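Trainee: Coordinates for the following, if possible.
(chains A and B)
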Amino acid sequence: MAKARTFKGGIHPPGNKNLSSGQSIRTLPAPETVWVPLCQHMGAPSKPLVLKGDKVVRGQEIGAQNGFISLPTHSPVNGTVKSVEDFPMPHRRTGPVVVIETESEDGGQVFEKWDDYSSHSPAEITERVKLAGICGMGGASFPTYVKLSPPPDKNIDTLIINGIECEPYLTADHRLMLENPDDIILGMEILAYTLGVEKCLIGIEVNKPDAIKIMEEKGCSVLPLKVSYPQGAEKQLIDAATGREVPVGGLPLDVGVVVQNVGTAAAVAVAVRDGEPSLRRIITVTGRGVVSPANYDACVGTLFSDLIGKSGGYTEDVKRLISGGPMMGISLYTDGVPVTKGTSGVLALIGDEVRDVVESPCIRCGKCVDVCPLRLTPNLIAMAAENERWKLAGEFGAMNCMACGTCSYVCPAGRYLVHYIKKAQDAIRAGKEA
Amino acid sequence: MAQTRRFELAMPPHVGASQTTRKIMFDVVIALLPALAAATWFFGPRALLIVFLSAATAVVAEYLCLKFMKRPVSFALDGSAIVTGMLLAFNLPSGVPFWLPVIGTAFAIVVGKQAFGGLGHNIVNPALLGRAFLMASFPILMTAGWIAPESWKTGTEGAWETNGIVLEEMSTIPEADAISGATPLNVLKQTFDLDASAANAQLEGNTSEAEGLEERAVSIRSALSSNSTYMNLLIGRTGGCLGETSVILLLVGAIYLVMRGVLELRLPISYLLTVAFFAWVFGGSGWFNGDPLFHVLAGGVVLGGIFMVSDMVTTPVTPKGRIIFGIGAGLLTMVIRRWGGYPEGCSYSILLMNLVTPLIDKFTLPKVFGEVKKNG
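Mentor: Sure, this is the predicted structure:
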């Protein structure tokens, strides 16, 4: 194994991955009712194509792509549309959903099966990835086909598959690598073929030696990475892998790299080989607030409460419910929200697991500056934002922040640094000046 | 359908390091205890009492300020006031009257810290500001009262030596029932005066007097650079401010702070190396013949380097800025020691650098990831 690489800065939060890392993926049948969000991807929500009472079949397009940064949405079940309404979401307050009463869950192959992807042109594959509604499954949910359509002047030479899963607790990507490496590898080959790149790596943190072993045995070129948060952040991964820094305001394309999550690669494989759109995903349900932590393969539109129910329900002292990981995940007041293509985990945490400090003034210890993977000065940006001096916050580099939460993690004063910086970003985007 | 259970809402990240401001402050208090023990051993129980009075005054002053400003009074016990009180006491001669630390600490907290908005908002180190205030207001009390080490045990009986040199102006300190002993830096400063007198005598043609003065300066300097002096300075058996003398026990505190992840090493290391470098350049009688070891061990640079140059609030947050701060403070310390009006320049050098901290931060902001660097 090559020497593990890393990036500058970062932290080492307790992983807590052993709660669920030993649990094989359990495939859950679709629940009686599914709430399929039309806003699962980043960008404009899909335009609903069905009405109350319509019969839908599995894989049928129920929401149409609505712009460039947008995707179509498909029904994960055969059934009847009960309504199209607004519903609480894990990643935003509410969003449009298509509520479908499930009758069965067979079928789903709506596209032609392509046994030999290389007999189809890259453009055809990109179109398939778009029609299948595939978005980044690592969390940001960016439409994947957009990443496969680089402007002609960008020369892409490296594809990196992201199997790092640096968020504590989460084990979905880890289990996927252990249990379904073939789909990942096929997806990786398809993506490399589509982009026309020779160099193709899979980045895995060294705390998953079993995954590294399997991938290497399968002939993959594995890039071992040191355990450090946020190792899986796109820019940090590219830096560790290639030594290239994505320019400020730029995209990985600008340094000739495309990064895709392992789950995305597997979804691409399914869409091309089996002709099925993106209807399911792997989700880790964990934390000490849930009775039996597990990894599930569930269809989109399954409510978090269903997943928790499959895991034996909550423990008595559950305190916080989070969609995603503990570093960047969003806390929810209710478990009545549906799984989306970007839901990597559902965390139920007890009081001992969450940090509970009363915010106090910045003592300028500089720890946030030392750990920031983007080399920002979070305390100074936050202080500017707290005083609503948006322009100053911008001068300190507020817009570069990716909200990884590393600064807040180390802050001894318990300051909501990420929150202040996001506030500054919103104000700057809204054109406020002060 | 959605259950009725409701969960608490909070902003990410939901997990965090266990370190808190309070823990940091009490770690600093703990790190000061070995040096306090040395002070008590060498200068008597009154040293302990001075530190206690100072720390207690700090907490009371902080509490009253917070109460007056209608802020949460629990901040008074976050440990930062205790640190300020202890550090101020550490910077006083151990023979000062007991009301002096009380006044100094009250000033440090009320004017140095709370007037600027309290914890995190003060511009200069409050303990050092308190000391500067006392120096300006009570210069005689602040420059006498150096208790000769261990003289409190035998009272005013017996003759006392400091670093191999019996000093003519040695006198008793009635309040402490002890004998005053000069600080090593005072002695060094005297050699510079002797040099100057010798040069004058030379000009007046009085060669034999000049030679005598020169000889005396050289003999004192060689005594200061002897191994026995180094050893005394290391363990703290020397005159000086209450908490500054025992270098070895200050270092024990520093090691504890490093182990606890509290002490950021860029500041103290750049400061101490700079002091050593300029001590060699101009800390002796001429150029490039100074004694770096003596300059680092004597006086307050180790105390200042560990506990005040690295004070979080008043020093830069950027990695480069911290090194610049340390270099600037080290240079100023040596300039004051060599040419300034005081034998020791540690505290004023840090105060001066505190004032330029915002500027240093501004000009040393790290290059944001992906900025400028060319890819290829």
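Trainee: When you work out contacts or count neighbours from here on, use the C-alpha atoms and nothing else.
Mentor: Will do.
Trainee: per the record, what domains does the chain have?
Mentor: You didn't pick a chain, so chain A it is. Domain ranges of chain A: A:25-108+A:279-350, A:112-274, A:367-429, per automatic domain parsing.
Trainee: hmm, I had chain B in mind actually
Mentor: If you go by automatic domain parsing, chain B breaks into B:21-143, B:184-237, B:264-363.
Trainee: residue ranges of the strands in the stretch 51-200 of chain B, please?
Mentor: B:172-173, B:178-179 (DSSP state E, counting those that start in this stretch).
Trainee: same thing with the stretch 251-376 of chain B?
Mentor: Counting by DSSP E, counting those that start in this stretch, the stretch 251-376 of chain B contains no strands.
Trainee: can you count the residues close to the one residue in it that gets nearest to chain A?
Mentor: Chain A sits closest to residue B:370 of the stretch 251-376 of chain B, with a gap of 4.0 Å, by C-alpha to the nearest C-alpha. By other C-alpha atoms under 10 Å in any protein chain shown, the residues close to residue B:370 number 20.
Trainee: pretty sure it contacts residue A:247?
Mentor: Yes. Residue B:370 is within contact range of residue A:247, at 4.0 Å (criterion: C-alpha atoms under 8 Å).
Trainee: could I get the domains of chain B as JSON lines with mean pLDDT and distance to residue A:291?
Mentor: Formatted as JSON lines, the domains of chain B follow (pLDDT from 0 to 100; distance: least, C-alpha to C-alpha, whole Å):
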{"stretch": "domain B:21-143", "mean pLDDT": "95", "distance to residue A:291": "34"}
{"stretch": "domain B:184-237", "mean pLDDT": "87", "distance to residue A:291": "58"}
{"stretch": "domain B:264-363", "mean pLDDT": "95", "distance to residue A:291": "42"}
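Trainee: Quick one: closest of those domains to residue A:140.
Mentor: Nearest to residue A:140 among the domains of chain B is domain B:264-363 (30.7 Å), distances taken as C-alpha to C-alpha.
Trainee: Briefly note if that closest one comes near chain A.
Mentor: Yes. Using C-alpha under 8 Å from any C-alpha of the partner chain, domain B:264-363 reaches chain A at B:312-319.
Trainee: For that domain, measure first residue to last.
Mentor: 20 Å (C-alpha to C-alpha, to the nearest Å).
Trainee: nearest spatial neighbour of residue 353, skipping sequence neighbours?
Mentor: Chain wasn't specified; assuming chain A. In space, and not counting its chain neighbours, residue A:353 is closest to residue B:15: 7.0 Å by C-alpha to C-alpha, 6 or more residues apart in numbering or on different chains.
Trainee: wrong one, chain B
Mentor: residue B:329 (6.1 Å).
Trainee: still on that earlier bit, can you put the domains of chain A in TSV and add mean pLDDT?
Mentor: As requested, these are arranged in TSV below (pLDDT from 0 to 100):
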stretch	mean pLDDT
domain A:25-108+A:279-350	96
domain A:112-274	95
domain A:367-429	95
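Trainee: Tell me which of the ones you listed sits nearest to residue B:203.
Mentor: Comparing the domains of chain A by C-alpha to C-alpha, domain A:367-429 comes nearest, at 57.6 Å.
Trainee: next one: that closest one to chain centre, how far?
Mentor: 22 Å (C-alpha atoms, centre = their mean, to the nearest Å).
Trainee: first vs last residue of it, how far apart are they?
Mentor: 28 Å.
Trainee: touching chain B at all, that domain?
Mentor: Yes. Domain A:367-429 reaches chain B (C-alpha under 8 Å from any C-alpha) through A:369-370, A:373-377, A:397, A:400, A:405, A:408-414, A:416, A:418-419.
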